[in-house]
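Enquirer: Sharing a model that was predicted from the sequence below.
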Amino acid sequence: MTGLALELCGVSLAGPVLNASGTFDAIAARRAFGAALVERFPFDAFVTKTVTLAPRQGNPPPRLWETAAGMLNSIGLPNKGLDGFLAHDLPQLADLRVPLVVSVMGFDHVELAALVEGIGARPEVAMIELNVSCPNVETGTIVGADPGETAAALDHVRPLTDKPLVVKLTPNAIEPAAVAAAAQDAGADGISLINTLKGMALHPRTGEPWLGGKTGGMSGPAVRAVALEQVARVAERVELPVIGMGGICSGCDAADFLAAGATAVAVGTESFRDPASGRRISEELAALAAGGRLKPLAARDTSL
Amino acid sequence: MTGLALELCGVSLAGPVLNASGTFDAIAARRAFGAALVERFPFDAFVTKTVTLAPRQGNPPPRLWETAAGMLNSIGLPNKGLDGFLAHDLPQLADLRVPLVVSVMGFDHVELAALVEGIGARPEVAMIELNVSCPNVETGTIVGADPGETAAALDHVRPLTDKPLVVKLTPNAIEPAAVAAAAQDAGADGISLINTLKGMALHPRTGEPWLGGKTGGMSGPAVRAVALEQVARVAERVELPVIGMGGICSGCDAADFLAAGATAVAVGTESFRDPASGRRISEELAALAAGGRLKPLAARDTSL
Amino acid sequence: MTGADAERQTLAPPERRVAEVKAVRRLGAYDVITARDPVGPRNPRPGQFYMLAAGDRWGGGASERPFLPRAFSYATARPHPDGGAMLEFVLEDVGPGTHRLGELEAGDALMLLGPLGLGFGPAAPGTVPLLVGGGIGVAPLLCLSEELEGAARVILGFRSAAHARGAELFDGDVTVVTDDGSVGARGLVTGPLREQLDSDSAATVYACGPPAMLEAVRALCAERDVACQLALEAGMACGYGACFGCVVATAAGLQRVCVDGPVFAGSALERVR
Amino acid sequence: MTGADAERQTLAPPERRVAEVKAVRRLGAYDVITARDPVGPRNPRPGQFYMLAAGDRWGGGASERPFLPRAFSYATARPHPDGGAMLEFVLEDVGPGTHRLGELEAGDALMLLGPLGLGFGPAAPGTVPLLVGGGIGVAPLLCLSEELEGAARVILGFRSAAHARGAELFDGDVTVVTDDGSVGARGLVTGPLREQLDSDSAATVYACGPPAMLEAVRALCAERDVACQLALEAGMACGYGACFGCVVATAAGLQRVCVDGPVFAGSALERVR
Ligand SMILES: Cc1cc2nc3c(=O)[nH]c(=O)nc-3n(C[C@H](O)[C@H](O)[C@H](O)COP(=O)(O)OP(=O)(O)OC[C@H]3O[C@@H](n4cnc5c(N)ncnc54)[C@H](O)[C@@H]3O)c2cc1C
Ligand SMILES: Cc1cc2nc3c(=O)[nH]c(=O)nc-3n(C[C@H](O)[C@H](O)[C@H](O)COP(=O)(O)OP(=O)(O)OC[C@H]3O[C@@H](n4cnc5c(N)ncnc54)[C@H](O)[C@@H]3O)c2cc1C
Ligand SMILES: Cc1cc2nc3c(=O)[nH]c(=O)nc-3n(C[C@H](O)[C@H](O)[C@H](O)COP(=O)(O)O)c2cc1C
Ligand SMILES: Cc1cc2nc3c(=O)[nH]c(=O)nc-3n(C[C@H](O)[C@H](O)[C@H](O)COP(=O)(O)O)c2cc1C
Ligand code: FES
Ligand code: FES
């Protein structure tokens, strides 16, 4: 309890620090850390790795590359698929003492609808995050890079659930703020950003692409300044609450994202260095707030 | 002389290492280092800071912010304008013993035409780089983010000079490769990338945007993986020679860009840490080549 | 956690903690780091590992890397009278992370998370344990051989005499081979292993080492129907199942080495790469 | 370079070089670093600066910064018999870069580029030099006072007694004031400066210190038509004119502190911020 309790898209959270989708597996972590993980859960809400309709193996290894102050990943969304998630994962996640956000990605509207209906129907789920960083199988364009495609996706699934829908934007777009605005008009309840920046690394000896997926997504401190700019721009453009992420490692980093207009923040890569990073960041944030160094932030003018 | 001499857009260079536009001022450097700078010039060609038609003061300070393994700048293209450049800078740059590349940016086609004609007419100039990271004053979109706008700009200026025209792409686009292809079709002789990634930083105490320009451009090692991916994608898409840049700090970094399909590389931020970085990188590249660790690279398959 | 897993795993505290480096000594080609883990479990299971990072000069530097923590099997663990444990790690300097860790000095801070993963399981009924290690792969076999009170036969292969000094960590019956014949017979561990299995095939093989060696051991055991447990390696970011970065191909599809391994039954693996 | 510039500038070798740290001593609130510059010029000009970076633990770290080099005025320079010079820098720990440099020890590598920028120029004809320093701004005044063989009057202002120890670096006639009155009179340097100018206004004022102090000095000199030369600071990336990051507002528009300064004539500046 950090004294920073808030309402996020109508869901009450004990604090503003979530995990970033795909960077914390509460089920695996519980296997490694036991009950202590649940008793001292590092986040104020748990966001699942992105779930797709069909099960996915993900990309072949290697899937990781370390960069200057960051990393590339080409994980490729491995997951049990909707049925596997509902049958095996959801019951275990229900034990967590924090609200549950389920991230989903559909490769077309039909898939997306099935995912939103299937997951929206479950009382254990507090919120749904739409990961729109996927190619439109017909047009080939990344849905989240295009305001029209994003709006179309939302138009299609908005009627299917009363659960809050958060749209997770891709940073690999010219104007994330335009996409956010389109999502808002189409009935989204919140916006989260940034997803990873597209990047690549070559094998030190062969010079072939290192990653099994050839290209990967960059995350960590290296992307923080890019994330902060996009969050500020989006928060300025939309009324919706914004969940800011991208290289957040400390309470000061988190405070910057809140100052830039985010309502909550998410921690990803930093959790790889320490699974308790989320809790530390919450404590640092609380200390900043106690020192009166946070409230003024909320009032900061970061309009661009 | 690194033993890596090449022809770039018909211009012969003693080696493949250029400076990135706006990151080395040969005239100021000569004031600081004297004749030794010219005798031991760190680059195989000199690229000027971007010249605009009218003189510009640039953005108010502060203009710099240090990030994790990189930096943000909001310099704002200060320059003497075309006339000032031709009258004061060009004569001094003519003393350099390496080919001269002049970077230009026009805020509309008329400006761009005046710049290309004015600079193209000067024999001291070997090549012109078109910095298309500028907003179209009518449409507001960044020219370099849009294939059509980029092609239109080239259609307009291509007839005005026989000098090689290199188009410098912005990374803040969904599909730099599409823009590169449009530039090729419109008669460009080469492509250079990446320019800086848009980013932002907040004042540690006030929380207001730190930079005088509010947002800035990110460069340095932090952007290298992003740059490498875009270079590979562009090199795969176009026939034109590609000048790769973005966080290059070592011969190995440069070798990666060449392996990804670049014909030459440019060094920017690393020069701030040491003005002789370009020469060191050339020497490291030559050593890799001598060790046979470069030729194979050229043959590497990095197709995505 | 299933009963089977319980034997192979000691749970880790859910946060990174600071251990104090007590000593770093050079042993031939390796660095041996001894560190005091103040609050961690006293009884990690052989085959489990810890994610390590230096307390400073980690996370960048002019050399940019290391940024992420690195995975290391513990080689020995002794309960400490004041709580926690005294841990020993054996490292080979292959890059910026292992290099930096090798530079640590007594008194320095060592950031540590663990023990992690599923270690070695019990030997198949009616079989004797047979330990086979290659190079730095000896690390997890050390605590295993101690647990077996030196009763188990140990076969170790090394690149050179400098590496072969890793064998000094073991007592009891140890057969050493080297690529260059500088110590013991010239050749691969599969030589002595084959002989051993010829004389007595009622064995459970515990192996750790480079992929090529593990694959040779796996194939040999498969062909003879000998149970084997292989401790694998993979590039890791987190070590506790969060990133899905460390997968290997298994009969059950791609699995995470950090939580489904690092020890896998040979029968559960496709060829090891 | 113009004749006027020549007097104010010694050219730098066009590359970064490695200097050896000879000593780092604490002086009240400051760190004094002595380093042997092996090949640099023996005679930098007072007011010129060097870009410094530590040989290691610079460019990231868990703390991410410092990444870029940092600018520091040299405080003293002595030609070295074997070539190059022995340089002294006075640092105040205000962030990661100055903190890291303060941690250097004798024998460590110090990466260095310089001397850079335009230093102080000669006094106006018929005037006596008057040196005014605030806090860490004393650094460039030290070599200047030495060059003037202690003849010049020196007025120094500090935040506290710990900072006032910076005055120990000077010999000759030094007036010290502090914000808290712990050393010398309580108050700002403009007090003694005004008195001094009252008694003899035929002076050229050389000043370095925090912006507010420089602005007060500039205004005072302007109002009395006294020539003054102000050594400014600005955040820098390169130090040699490459990045255009270090600009300040001057009568001639925005100018680069690193190549058009750091020393500017008061008359050339708008108000100092
Ligand atoms: C469960 C487990 C237990 C282990 N136990 C031990 C042990 O007891 N002792 C021991 O010495 N080692 C052990 N290892 C191996 C150890 O983790 C690695 O040697 C270490 O991570 C190497 O890090 P590095 O920075 O030194 O080298 P790296 O530079 O990380 O090189 C290691 C490998 O990564 C590749 N690589 C190069 N650059 C990059 C990059 N930028 N990003 C990603 N990969 C890159 C290299 O090609 C090389 O194959 C274990 C590994 C695992 C998974
Ligand atoms: C010509 C010249 C001569 C100088 N001479 C001396 C000298 O002799 N002795 C001396 O001690 N100092 C001197 N300085 C000042 C010195 O260069 C700075 O104190 C130093 O660069 C601070 O670096 P840092 O990392 O310690 O602190 P920083 O963290 O860089 O803080 C310094 C300033 O930068 C701001 N800042 C904070 N974070 C960032 C960021 N991420 N990016 C950019 N700015 C940030 C802070 O608000 C603060 O105002 C001189 C400066 C100049 C220009
Ligand atoms: C290994 C890894 C896996 C990820 N998987 C997903 C995912 O499944 N769905 C998603 O929306 N984002 C995913 N992301 C992106 C993160 O949620 C986050 O947007 C990004 O990493 C930036 O935050 P960070 O810099 O704090 O890591 C993943 C990131 C990483 C590093
Ligand atoms: C301070 C600064 C100024 C720059 N000015 C220009 C410019 O005037 N024109 C231009 O095309 N690019 C400019 N750039 C971008 C660089 O040319 C280069 O594309 C970018 O910095 C990536 O390379 P790097 O990471 O090696 O610095 C500038 C970059 C920096 C850091
Ligand atoms: S290392 Fe992250 S899942 Fe295994
Ligand atoms: S510091 Fe780069 S131009 Fe002055």
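Expert: Arrived safely. Numbers count the residues shown, from 1 in each chain, chains lettered A, B, ... in the order given. Ligands and ions are numbered 1, 2, ... in the order given.

Enquirer: any idea how far the residue in the stretch 51-200 of chain C that ligand 5 sits nearest to lies from chain B?
Expert: Proximity of the stretch 51-200 of chain C to ligand 5 (Cβ to the nearest ligand atom) peaks at C:A71, 7.5 Å away. Every C-beta, even on glycine, is put in place using the N, C-alpha and C of the backbone. Counting by Cβ to the nearest Cβ, to the nearest Å, the separation of C:A71 from chain B is 23 Å.

Enquirer: Could you report the neighbour count for that residue?
Expert: The tally of other residues near C:A71 (other Cβ atoms under 10 Å in any protein chain shown) stands at 25.

Enquirer: Look up the pLDDT of it for me, please.
Expert: Listed pLDDT for C:A71 reads 98.

Enquirer: any idea whether it is helix, strand or coil?
Expert: strand (DSSP: H, G, I helix; E, B strand; the rest coil).

Enquirer: I'd say it and C:M236 touch.
Expert: Yes - if you go by Cβ atoms under 8 Å, C:A71 and C:M236 touch, sitting 4.9 Å apart.

Enquirer: what touches both of those two?
Expert: C:51, C:258 (Cβ atoms under 8 Å, 6 or more residues apart in numbering or on different chains).

Enquirer: Please name the residues that touch the residue of the stretch 51-200 of chain C closest to ligand 5.
Expert: Neighbour list for C:A71: C:49-52, C:116, C:233, C:236, C:239, C:258 [criterion: Cβ under 8 Å, 6+ apart].

Enquirer: quick one: which of those residues is most hemmed in?
Expert: The residue in the contacts of C:A71 with the most neighbours, by other Cβ under 10 Å, is C:G239 (31 neighbours).

Enquirer: Next one: it, what pLDDT does it get?
Expert: pLDDT, C:G239: 98.

Enquirer: Which residue lies closest in space to it, excluding its sequence neighbours?
Expert: Leaving aside its sequence neighbours, C:G239 sits nearest to C:M51 (Cβ to Cβ, 6 or more residues apart in numbering or on different chains; 4.0 Å).

Enquirer: Make sure C:A106 is actually in contact with C:I33.
Expert: No - contact criterion Cβ under 8 Å: C:A106 and C:I33 do not qualify, at 10.1 Å.

Enquirer: what about these two, which has more around it?
Expert: C:I33 (24 against 11).

Enquirer: The more buried one is in what secondary structure piece?
Expert: Using DSSP states H and E, C:I33 sits in strand C:30-37.

Enquirer: Quick check: can you name the pairing partners of that strand and their directions?
Expert: Sheet pairing of strand C:30-37 (DSSP bridges) gives strand C:17-27 (antiparallel), strand C:85-92 (antiparallel).

Enquirer: Any idea which of the ones you listed gets closest to ligand 6?
Expert: Nearest of the strands paired with strand C:30-37 to ligand 6, taken as Cβ to the nearest ligand atom: strand C:17-27 at 38.6 Å.

Enquirer: if we can go back for a sec, which other residues reach the strand holding C:I33?
Expert: The contact list for strand C:30-37, computed with Cβ under 8 Å, 6+ apart, reads C:17, C:19-26, C:75, C:80, C:84-93, C:98, C:101-102, C:104, C:110, C:112, C:136, C:163, C:165-166, C:169.

Enquirer: hmm, it touching ligand 1?
Expert: No - remark: strand C:30-37 sits outside contact range of ligand 1, by Cβ under 6 Å from any ligand atom, the gap being at least 7.4 Å.

Enquirer: May I see the buried residues of that strand?
Expert: C:30-37 (16 or more other Cβ atoms under 10 Å in any protein chain shown).

Enquirer: and the residue in the stretch 101-250 of chain C positioned nearest to ligand 1, how many neighbours does it have?
Expert: Residue nearest to ligand 1 within the stretch 101-250 of chain C: C:A139 (3.5 Å; Cβ to the nearest ligand atom). As a burial measure, C:A139 scores 27 neighbours (other Cβ under 10 Å).

Enquirer: Help me confirm that it comes into contact with C:V90.
Expert: Yes - the pair C:A139 / C:V90 is scored as a contact, 4.4 Å apart, by Cβ under 8 Å.

Enquirer: what touches both of the two?
Expert: Shared contacts of C:A139 and C:V90, defined by Cβ under 8 Å, 6+ apart, comprise C:A75.

Enquirer: Please enumerate the strands of the stretch 151-273 of chain C.
Expert: Per DSSP state E, counting those that start in this stretch, the stretch 151-273 of chain C carries strands over the ranges C:153-158, C:174-178, C:185-186, C:203-208, C:227-231, C:247-250, C:253-256, C:263-265.

Enquirer: do you know which of the ones you listed lies nearest B:A264?
Expert: When the strands of the stretch 151-273 of chain C are compared by Cβ to Cβ, strand C:247-250 sits nearest B:A264, at 38.1 Å.

Enquirer: other SSEs contacting that closest one?
Expert: Where contact means 3 or more Cβ pairs under 8 Å, 6 or more residues apart in numbering or on different chains; DSSP states H and E, strand C:247-250 is packed against strand C:253-256, helix C:257-260.

Enquirer: Is any residue of stretch A:70-82 near chain C?
Expert: Yes - Stretch A:70-82 comes into contact with chain C (Cβ under 8 Å from any Cβ of the partner chain), by way of A:70-71, A:73, A:75, A:78.

Enquirer: Secondary structure of the residue of the stretch 101-250 of chain C closest to ligand 1: a helix, I assume?
Expert: Yes - assessed with three-state DSSP, C:A139 lies in a helix.

Enquirer: residue contacts, it?
Expert: C:A139 touches C:72-75, C:89-90, C:208, counting by Cβ under 8 Å, 6+ apart.

Enquirer: so how far is C:G239 from the residue of the stretch 51-200 of chain A found nearest chain D?
Expert: Of all residues in the stretch 51-200 of chain A, A:A69 sits closest to chain D, at 6.0 Å by Cβ to the nearest Cβ. From A:A69 over to C:G239 the distance is 20 Å, taken as Cβ to Cβ, to the nearest Å.

Enquirer: ditto for A:D89
Expert: A:D89 is 21 Å from C:G239, by Cβ to Cβ.

Enquirer: Run the chain-centre distance for the helix or strand harbouring A:V101.
Expert: Applying DSSP H and E as the criterion places A:V101 in strand A:100-104. In terms of Cα atoms, centre = their mean, to the nearest Å, the centre of strand A:100-104 is found 9 Å from the chain centre.

Enquirer: Indicate whether that strand makes contact with chain C.
Expert: No - against chain C, strand A:100-104 shows no contacts by Cβ under 8 Å from any Cβ, the least distance being 13.7 Å.

Enquirer: next structured bit after that strand?
Expert: Using DSSP H and E, the helix or strand that follows strand A:100-104 towards the C-terminus is helix A:109-120.

Enquirer: Tabulate the helices and strands packed on strand C:247-250 (a markdown table), appending mean pLDDT.
Expert: Converted to a markdown table, the helices and strands packed on strand C:247-250 look like this (pLDDT from 0 to 100):
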| stretch | mean pLDDT |
| --- | --- |
| strand C:253-256 | 96 |
| helix C:257-260 | 98 |
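
Enquirer: Which of those sits closest to A:E149?
Expert: With Cβ to Cβ as the criterion, A:E149 lies closest to strand C:253-256 of the helices and strands packed on strand C:247-250, at 30.5 Å.

Enquirer: Is ligand 3 within reach of the closest one?
Expert: No - applying Cβ under 6 Å from any ligand atom, one finds strand C:253-256 separated from ligand 3 by no less than 11.8 Å.

Enquirer: about what we covered before: between helix A:109-120 and the strand holding A:V101, find me the angle.
Expert: For strand A:100-104 against helix A:109-120, the angle by axes from the mean of the first three to the mean of the last three Cα atoms, to 10 degrees is 170 degrees.

Enquirer: that older thread, export the contacts of C:A71 to a markdown table and tack on distance to A:R205?
Expert: Listed next are these as a markdown table, based on distance: Cβ to Cβ, whole Å:
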| residue | distance to A:R205 |
| --- | --- |
| C:F49 | 26 |
| C:Y50 | 29 |
| C:M51 | 26 |
| C:L52 | 26 |
| C:L116 | 29 |
| C:E233 | 18 |
| C:M236 | 21 |
| C:G239 | 26 |
| C:C258 | 25 |
